[in-house]
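**Q** 3D, please:
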Amino acid sequence: MIRALFVLLFVTFIAILSYFLLPKIQETFTPQVEAETLVAAVDTVKVAVAPPPKMLYGMVIDSMLVIENTIKRNQNLSEILMAYNVSSQTIHLLSKIAKDTYDVRKIAANKKYTLICKPDSLMSARAFVYEASPVDYVVFNLEDSLSVVVKQREVALKEKTVAGVIEYSLAETMAELGITPQLTNNFVDVFAWQVDFQRLQKGDRFKLIYEDKLIHGESVGIGDIKAIYFDHFGHDYYAFQYDQGDGFNYYDEEGKSLRKALLKYPIEFTRISSRFTRNRLHPVQKRWKPHLGTDFAAPKGTPIRSVGDGIVLEAQYTNNNGNYVKIKHNVTYTTQYLHMSKIASGIRPGARVKQGDVIGFVGSTGLSTGNHLCYRFWKDGRQVDALKAELPPTEPIGQEELDAFQAVSNSLVERLNEIKYPDDPSVLVVQSY
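**A** Below is the predicted model of the structure:
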């Protein structure tokens, strides 16, 4: 009896104990708690993630040796690569491969280059990269599969406006106001046949809408000029860029073309040191004689451009002319360029050239006392003053395009009118959009 009572009390005690303690035990070991504990544990573990590979010119350069330098005067590709354990046979094959892609003879002094080399005692080159321009670069792959590829950096275009007042000459004023020579030259080319930029007056004013080329936010050059207003001697000149199906050209407010068959200036805008005349004291021969050309003073090495499409008639050296090139543009016009320091590569009799192609470089060869270009101009077989020659303009805006052109030009006029001149003429107003 007593034993049965003891068993009953023990069972009751166990039941009561289970009732109060079992939920606590279950709560302690629930899957949720276990999961939370596991997450907390994982959070304390730092997972090592490999950093992204270091890239340059589209190539992985991790652990590679990168050497940057500039091309020295008279230095060529062969000389550079042989110093970095590239065989003459490989260089020869590379030059042959490059013929259809990039002429290695165009590699010029003062341009940047980069060598990507193996990190060994020989510093053997894996690749050579030549910076042809701020936009273009040439990758010479020197591994087993030789290749030459021309690549371009991504260029962003940012529209800007500029306004200024002429104080001295255009070139001096533009330079003092911080405008790049490229923008000045493009401006002059647009109005070259309408305005004599050698005879500007103080107070002439201009406004431009143009594109600035940017790479990684830094300016690398000038894009297109969209519109120009030029107040010269109290006369309003307008220029609007428009494409009526055959490429961009510039037109005035009436849709007449501002471009002629030939460029007016064979080099970028500069000082005229001697004009066309029938009687001039020759600086070398010291006697009076005709000067049937126009002399442009410019530093040695300044590029000389063909003023129009044509075929090279002569490209040679003579005692009087020095290095010179003569080009026939059509049955009416022929031009000649004298005293070059050197004739450009590929310019030889029979070669075809396009308007703006570089045909040589300013120098002082032949009968010359200083660096300049003597530019001569024939019309119908007779030498005439190139700056006064009457040339036919290119096609005006067609009737079917006139309404569209007027809409574009009216919009650009409104934008030009919104551009403010500086209160102080010595200050340039530049705005970005």
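
**Q** list the contacts of Leu416.
**A** Leu416 is in contact with 207, 209, 227, 229, 238, counting by C-beta atoms under 8 Å, 6 or more residues apart in numbering. Backbone N, C-alpha and C define where each C-beta goes, glycine included.

**Q** please identify which helix or strand holds it.
**A** Assigned by DSSP states H and E, Leu416 belongs to helix 402-418.

**Q** okay, buried residues for that helix please.
**A** Going by neighbour count (16 or more other C-beta atoms under 10 Å), the buried part of helix 402-418 is 405, 408-409, 412, 415-416.

**Q** with stretch 109-121 instead?
**A** Residues of stretch 109-121 classed as buried by neighbour count (16+ other C-beta under 10 Å): 113-117.

**Q** filter those down to the ones in strands?
**A** Judged by DSSP state E, the buried residues of stretch 109-121 include 113-117 as members of strands.

**Q** in CSV, list those along with distance to Leu200.
**A** Below are those laid out as CSV (distance: C-beta to C-beta, whole Å):
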residue, distance to Leu200
Tyr113, 42
Thr114, 44
Leu115, 49
Ile116, 51
Cys117, 54
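
**Q** name the nearest of those residues relative to Gly301.
**A** Taking C-beta to C-beta as the measure, Gly301 lies nearest Tyr113 of those, at 20.3 Å.

**Q** hey, what's that closest one bridged with?
**A** Taking DSSP bridges as the rule, Tyr113 bridges to Asn69, Tyr130.

**Q** mind listing what it touches?
**A** The neighbours of Tyr113, taking C-beta under 8 Å, 6+ apart as the test, are 68-71, 80, 128-131.

**Q** which among the residues you listed end up buried?
**A** 71, 80, 128-131.

**Q** and the furthest pair within those residues?
**A** Using C-beta to C-beta, the pair of those lying farthest apart is Ile80 and Glu131, separated by 13.4 Å.

**Q** would TSV of the contacts of Leu416 with neighbour count and distance to Arg382 be doable?
**A** Formatted as TSV, the contacts of Leu416 follow (neighbours: other C-beta atoms under 10 Å; distance: C-beta to C-beta, whole Å):
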residue	neighbour count	distance to Arg382
Lys207	21	40
Ile209	22	41
Ala227	23	38
Tyr229	20	38
Tyr238	19	35
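
**Q** between all of those residues, which two are separated the most?
**A** Ile209 and Tyr238 (11.6 Å).

**Q** ok, back up a step: so which of the contacts of Tyr113 comes closest to Ile304?
**A** For those, the nearest to Ile304 is Ile71 (22.2 Å; C-beta to C-beta).

**Q** wait, doesn't the closest one sit right on Val104?
**A** No - if you go by C-beta atoms under 8 Å, Ile71 and Val104 don't touch, sitting 11.4 Å apart.

**Q** and the ones in strands among the buried residues of stretch 109-121, which is closest to Val362?
**A** Nearest to Val362 among those, with distances taken as C-beta to C-beta, is Tyr113, at 26.3 Å.

**Q** so what's that closest one scoring on pLDDT?
**A** As predicted, Tyr113 sits at a pLDDT of 96.

**Q** please apply the same query to Glu27.
**A** 49.

**Q** ok, now Val45?
**A** At Val45, the model reports a pLDDT of 53.

**Q** please renumber the chain so that the first residue is 10 from this point on.
**A** Noted, 10 is the first residue going forward, which turns the last one into Val54.

**Q** could you measure from Asp366 over to Val316?
**A** Distance of Asp366 to Val316, computed by C-beta to C-beta, to the nearest Å: 10 Å.

**Q** and Ile368, by the same measure?
**A** Look at Ile368 and Val316: by C-beta to C-beta, they are 10 Å apart.

**Q** give me the more crowded residue out of those two.
**A** The residue with more neighbours, out of Ile368 and Val316, is Val316; 27 against 24, by other C-beta atoms under 10 Å.

**Q** report the buried residues of the one helix or strand His101 maps to.
**A** Element membership for His101, per DSSP H and E: helix 97-107. Buried residues in helix 97-107, counting neighbours by 16+ other C-beta under 10 Å, are found at 100, 103-104, 107.

**Q** returning to that earlier point: overlap in contacts of Ile218 and Tyr247?
**A** Shared contacts of Ile218 and Tyr247 (C-beta under 8 Å, 6+ apart): 236-237, 425.

**Q** what is the nearest of the residues you listed to Leu179?
**A** Taking C-beta to C-beta as the measure, Leu179 lies nearest Ile237 of the shared contacts of Ile218 and Tyr247, at 12.8 Å.

**Q** my read is the closest one is in a strand, agree?
**A** Yes - with DSSP: H, G, I helix; E, B strand; the rest coil as the criterion, Ile237 is located in a strand.

**Q** around the residue lying closest to it once chain neighbours are set aside, how many other residues sit close by?
**A** Sequence neighbours aside, Ala248 is the residue nearest to Ile237 in space, at 4.2 Å (criterion: C-beta to C-beta, 6 or more residues apart in numbering). Number of residues near Ala248 (other C-beta under 10 Å) recorded here: 23.

**Q** ok, Gln408 next?
**A** Here the count is done by other C-beta under 10 Å, and Gln408 has 8 residues near it.

**Q** with Tyr333 instead?
**A** The number of residues packed near Tyr333 is 24, by other C-beta under 10 Å.

**Q** what kind of secondary structure is it in?
**A** Here Tyr333 is recorded as strand under three-state DSSP.

**Q** bridge partners for it, pull those for me.
**A** As for beta bridges, Tyr333 partners with Gln325 under DSSP bridges.

**Q** so, low pLDDT: which residues of the stretch 160-309 of the chain?
**A** When residues are selected by pLDDT under 70, those of the stretch 160-309 of the chain lie in 186, 279-300.

**Q** any idea how far Arg361 is from Gln203?
**A** For Arg361 relative to Gln203 (C-beta to C-beta), the value is 29 Å.
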